[in-house]
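>>> need a structure here:
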Amino acid sequence: MHALLMREDLKDVICWMHHGRAFKIVNPRDFELRVIPTYFEHSKISSFVRQAQGWGFRSECFHSPALLALNELR
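Coordinates of the predicted model:
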């Protein structure tokens, strides 16, 4: 996940949040098309969110439908 978030060519799709303890999926559709098929064994963003929850992240939906943040649980 860290290597994925460090890719400059994907900053318009997924990036770290400013505090560095969470990341956001800026463009869910591009995430499904460009990222998920390359890095994961499924093809839906909902499956990715479920997998990330298994890693200890929780999803937070904001007012913008194109923004999804996953924050580490403490």
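
>>> Please identify the buried residues of the host helix or strand of V49?
Using DSSP states H and E, V49 sits within helix 45-54. Buried residues in helix 45-54, counted by 16 or more other C-beta atoms under 10 Å: 45, 48-49, 52. For glycine as for every other residue, the C-beta is placed from the backbone atoms N, C-alpha and C.

>>> Could I get the residues you listed in JSON lines, plus columns for distance to R58 and pLDDT?
Shown next, in JSON lines, are those (distance: C-beta to C-beta, whole Å; pLDDT from 0 to 100):
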{"residue": "I45", "distance to R58": "15", "pLDDT": "87"}
{"residue": "F48", "distance to R58": "14", "pLDDT": "88"}
{"residue": "V49", "distance to R58": "10", "pLDDT": "83"}
{"residue": "A52", "distance to R58": "9", "pLDDT": "83"}
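
>>> and which of the residues you listed is nearest M1?
The nearest member of the buried residues of helix 45-54 to M1, counting by C-beta to C-beta, is A52 at 8.1 Å.

>>> returning to that earlier point: next structured bit after the helix holding V49?
strand 57-61.
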